[in-house]
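K.L.:
model the following, please.
(2 chains)
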Amino acid sequence: MTTLDSPPVTAASKIFNFPRNAWYVAAWDHEVTAKQPLARTVADRPLALWRNSDGRAVALADACWHRLAPLSKGKVLGDEIQCPYHGLRYNSAGRCTGMPAQETINPSAIVPSYPVVERYRYVWVWVGDPDLADPDTVPDMQQMDSPEWAGDGETIYAPCNYQLLLDNLMDLTHEEFVHSSSIGQDELSEAEFEVSHDDRHVTVTRWMRDIDAPPFWLKNMRDRFPGFDGKVDRWQIIHFEAPSTIRIDVGVAKAGTGAPEGDRSQGVNGFVMNTITPETARTSHYFWAFMRNYRLDSQTITTQLRQGVHGVFGEDEEMLAAQQQAIDANPDHEFYSLNIDAGGMWVRRILDRMLQAEGLPAAAAK
Amino acid sequence: MAVNTQTWWQKGRVAECDELAEGVRRIVLCPDRPVHAAPGTHVDLRLDLDGHARKRSYSVVRSEDGGRRLTLGVQLAPTSRGGSRHMHGLEVGDVVEMTGPVQSFPLGVGADRYVLVAGGIGITALVAMAETLRRRGADYTLVLAGRSRRVMAYLDHLVDTHGDRVRVFVDDEDVRLDVESLVGEVAGSPAATRTEMYMCGPIRLMDAIRRAWAAHDLPEPNLRFETFGSSGAWAAEDFVVHLPQLDRSVHVSRDSSMLDALEDAGVEVMWDCRKGECGICQVKVLDVSGRIDHRDVFLSQQQKEAYASLCLCVARAARGDSESGSADPAAVTLHLP
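P.N.:
Below you'll find the predicted structure:
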């Protein structure tokens, strides 16, 4: 149904709305402790995250029932959190368990408690309808804690709509221009790519054969094959899973050794793990890690890769912030799309269907 | 769980009304600004009762079409303070002033077992919860208690829908709810500390359950309840409030609350929730002739029995069974700060 008061929505909305019936990463597992609550906003919902005495992570709305003081500034006391202002206490279900200066507890005293799942080194929360929260739908990030992979990552606080990050990761031709000193090279935009999808996933596959390895990949090849010099076959296989997790299978192998056909033994393989949590319509928490499947025991390589990717992503961060500023400065200008946006456009369509199911418009309120 | 405490006033049009059970009217309201009403929510209505604007709360039995149709079930209280009489007079097409859904009784997620206990018209707060638990595939029991099947709204519907999960107790069939055995059963189960009980009904039933719950040392936060402060141990009757500091007495009629009567008489008092929960309107009691019918959930049992204070918004004085034969109305003498 179209009504006059709903703005026209193009397929490529600039400020894309976020579904709430979804698992989003709220924090790395080590960020949530029993010592001090963590304040973090997920999909416009301010949360206080903490661990109760059995180690289980808890997410409560970050506002006391009484005068809305942030519980994240309070204290964790065993299985309860205490409001920093007047000392009201809540259990992990958000039920008030103690009120100062009175013998009974007001029966309406409660703060929302959100479903939490801890998986793949992250604490995931569900800020939508709790009845729909199914732990089996946590996006697959299995490389994060698999013994066959090693690596680490960081969080970027990105001052932009989460969809801009998804666009960025679904189309890697930007590497040629944004990351020219590390992973960019001309062949990226010259190579053919393929897009496939189902109702929760989108995959973009790109192979570049018999090319020179860019600096980042040459270093990785030499970590595994000391003294390596020569042409490589390079791949980028982007796996999106709704609503906002993107694992990118990347790597290079000695040219002509059969990597495109499935034999990656003569190469180095990494997974760029990305999961993006909308904070507000214009800000995002971007959790990333780089996992590798060679030299698993080398902390030096883990650290070098984390620092290397940190530098690369700093370049994206700068571009995305500038893009958001330009969007806000040009409210009447629409997005146009290039052929390379096919993957990102499938992401938008999947998200739009999730939003429709929640009765939400695709474009977030301006 | 989502807790929505945002309230705003809007207009609602009566789209349907009919009789659900003897003395119970189903009223479907279509609000101007529809918002889905989650299980456990209520709406507040601003009613014009005898020239005074009064707020009354009614549970949302059903929310359809994203909150475009909200169904209420209203029992005509024999001792109505005016609200239920007014509601029973509504006709299709009438417009009322109402809030959006207010959530102070949310259904939790993740308990091992749920027990819903409805006393009489209290079922209106629990119908949507039972439906949600059924849809979730949760382990739940629905306990329905009432005076007579004729007056028990939704009884047949609930028995049809929930089958074996429903237990029915009817006073006039001599199948009475035994609170001690109900709570004892919860306490004796392996899931005792992971069972949540939700109750809505007469204050006497809820007090009995709260006492049993405490006696069995069950976790206090697992006992969830909602009261609108409208029922007591005795039927409402006229009584008198003496205010020695102001050198005056105020008559409280059976269809008015003490708080309303004092305000109407120009006595300034402080209040907030007006349903016996917050304790803001608590005042000291200096003397009582008759009984105090506390009707609140703020004071502890010991505090209630001490007769040293009461909550003005819901408490009443009643002759009760204490002074049989006396024709004088009950009276309470208060210290107003």
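K.L.:
how is chain A carved up into domains?
P.N.:
Following the TED database, one gets these domains for chain A: A:23-127, A:141-358.
K.L.:
right, so of the ones you listed, which gets closest to B:C311?
P.N.:
domain A:23-127 (11.3 Å; CB to CB). Yep, even glycine has a C-beta here, placed from its N, CA and C like the rest.
K.L.:
from the chain's centroid, how far away is the closest one?
P.N.:
Domain A:23-127 has its C-alpha centroid displaced from the chain centroid by 22 Å (CA atoms, centre = their mean, to the nearest Å).
K.L.:
per-residue pLDDT, the residue of the stretch 51-200 of chain B at minimum distance from chain A?
P.N.:
Nearest to chain A, among the residues of the stretch 51-200 of chain B, is B:S104, at 3.3 Å (CB to the nearest CB). pLDDT, the model's per-residue confidence, is 88 for B:S104.
K.L.:
hang on, isn't it packed against B:E226?
P.N.:
Yes - in this structure, B:S104 is within contact of B:E226 by CB atoms under 8 Å, at 6.6 Å.
K.L.:
name the strands paired with the host helix or strand of B:I292 and say parallel or antiparallel.
P.N.:
For B:I292, the host element (DSSP states H and E) is strand B:291-293. Applying DSSP bridges, strand B:291-293 is found paired with strand B:316-318 (antiparallel).
K.L.:
what touches both of B:S104 and B:E226?
P.N.:
A:P107, A:S108, B:G40, B:H42 (CB atoms under 8 Å, 6 or more residues apart in numbering or on different chains).
K.L.:
using CSV, list the CA coordinates for stretch B:64-76.
P.N.:
Provided in CSV are the C-alpha atoms of stretch B:64-76 (Å, rounded to 0.1, in the frame of the first residue of the first chain):
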residue,chain,number,x,y,z
GLU,B,64,-5.1,-7.0,16.1
ASP,B,65,-3.9,-5.5,12.8
GLY,B,66,-0.9,-3.8,14.4
GLY,B,67,-3.0,-2.4,17.3
ARG,B,68,-5.7,-0.9,15.0
ARG,B,69,-8.2,-3.0,16.9
LEU,B,70,-7.7,-3.3,20.7
THR,B,71,-10.2,-5.5,22.6
LEU,B,72,-11.0,-4.8,26.2
GLY,B,73,-13.2,-6.9,28.5
VAL,B,74,-14.9,-4.9,31.2
GLN,B,75,-16.8,-6.3,34.1
LEU,B,76,-19.7,-4.3,35.5
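K.L.:
is chain A within reach of it?
P.N.:
Yes - Stretch B:64-76 reaches chain A (CB under 8 Å from any CB of the partner chain) through B:G66.
K.L.:
quick one: contacts of that stretch?
P.N.:
Contact with stretch B:64-76 is made by A:359, B:12, B:15, B:20, B:23-31, B:34-37, B:43, B:58-63, B:84-85, B:87-88, B:100-101, B:120-121, B:123-124, B:151, B:153-154, as judged by CB under 8 Å, 6+ apart.
K.L.:
now list the buried members of these.
P.N.:
Among these, those buried by neighbour count (16 or more other CB atoms under 10 Å in any protein chain shown) are B:12, B:20, B:23-31, B:34-37, B:43, B:58-63, B:84, B:87-88, B:100-101, B:120-121, B:123-124, B:151, B:153-154.
K.L.:
need the residues of the stretch 151-300 of chain B near chain A, please.
P.N.:
Taking CB under 8 Å from any CB as the contact definition, the stretch 151-300 of chain B meets chain A at B:220-222, B:224-227, B:277-279, B:297-300.
K.L.:
which ChimeraX command selects the buried ones in these?
P.N.:
Of these, the buried ones can be selected in ChimeraX as follows, counting by 16+ other CB under 10 Å:
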select /B:221,222,224,225,226,227,277,278,279,297,298,299
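K.L.:
keep only those of the residues of the stretch 151-300 of chain B next to chain A that are in strands.
P.N.:
Counting by DSSP state E, those place B:R224, B:F225, B:E226 in strands.
K.L.:
determine the longest helix present in chain A.
P.N.:
Looking across chain A with DSSP state H, the single longest helix is helix A:299-329.
K.L.:
quick one: B:C30 and B:R13 touch, right?
P.N.:
Yes - applying CB under 8 Å, one finds B:C30 in contact with B:R13, separated by 4.9 Å.
K.L.:
before we move on, the earlier item: which stretch among the domains of chain A comes nearest B:D112?
P.N.:
Each of the domains of chain A was scored for nearness to B:D112 using CB to CB, and the closest is domain A:23-127 (12.5 Å).
K.L.:
the closest one near chain B anywhere?
P.N.:
Yes - Domain A:23-127 reaches chain B (CB under 8 Å from any CB) through A:61, A:91, A:93-97, A:102-108, A:110-113, A:115.
K.L.:
ends of that domain, how far apart?
P.N.:
End-to-end distance for domain A:23-127, by CA to CA, to the nearest Å: 8 Å.
K.L.:
nearest residue to residue 141 other than its sequence neighbours?
P.N.:
Going with chain A. A:Y120 (4.0 Å; CB to CB, 6 or more residues apart in numbering or on different chains).
K.L.:
was after chain B, sorry
P.N.:
Spatial nearest neighbour of B:T141, excluding adjacent residues (CB to CB, 6+ apart): B:V115 at 5.0 Å.
K.L.:
show me what that neighbour is bridged to.
P.N.:
Applying DSSP bridges, one finds that B:V115 bridges with B:T141, B:M197.
K.L.:
how about the residues of the stretch 101-250 of chain A by chain B?
P.N.:
Applying CB under 8 Å from any CB, we find that the stretch 101-250 of chain A lies next to chain B at A:102-108, A:110-113, A:115, A:129-131, A:133.
K.L.:
which residue ranges form the helices in the stretch 251-366 of chain A?
P.N.:
For the stretch 251-366 of chain A, helices defined by DSSP state H, counting those that start in this stretch occupy the ranges A:299-329, A:342-357.
K.L.:
and if you look at the stretch 201-337 of chain B?
P.N.:
Using DSSP H, counting those that start in this stretch, helices in the stretch 201-337 of chain B cover B:203-215, B:258-264, B:301-306.
K.L.:
now do the contacts for the spatially closest residue to A:G308 that is not a sequence neighbour.
P.N.:
Spatial nearest neighbour of A:G308, chain neighbours left out: A:F216 (6.2 Å); criterion: CB to CB, 6+ apart. Applying CB under 8 Å, 6+ apart, we find A:F216 in contact with A:S182, A:I183, A:G308, A:V312.
K.L.:
just A:T33 next, same as before
P.N.:
Residues near A:T33 by CB under 8 Å, 6+ apart: A:W50, A:R51, A:V76.
K.L.:
dump the residues you listed to a markdown table, plus pLDDT.
P.N.:
What follows is those, written out as a markdown table (pLDDT from 0 to 100):
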| residue | pLDDT |
| --- | --- |
| A:W50 | 98 |
| A:R51 | 98 |
| A:V76 | 98 |
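K.L.:
out of the residues of the stretch 101-250 of chain A next to chain B, who has the most neighbours?
P.N.:
Counting neighbours by other CB atoms under 10 Å in any protein chain shown, the top entry in those is A:I110, with 27 neighbours.
K.L.:
what's the helix or strand for B:H157?
P.N.:
Using DSSP H and E, B:H157 maps to helix B:155-162.
K.L.:
quick one: contacts of the very next helix or strand once past that helix?
P.N.:
Under the assignment DSSP H and E, the closest C-terminal helix or strand after helix B:155-162 is strand B:166-170. With CB under 8 Å, 6+ apart as the test, strand B:166-170 has contacts from B:141-149, B:152, B:155, B:158-159, B:175-177.
K.L.:
quick one: which two of the residues you listed are the most distant?
P.N.:
Farthest pair in the contacts of strand B:166-170, by CB to CB: B:T141 and B:S148, 22.0 Å.
K.L.:
among these two, which residue is more densely surrounded?
P.N.:
Neighbours were counted for B:T141 and for B:S148 using other CB under 10 Å; B:T141 has more, 21 against 13.
K.L.:
thanks a lot, catch you later.
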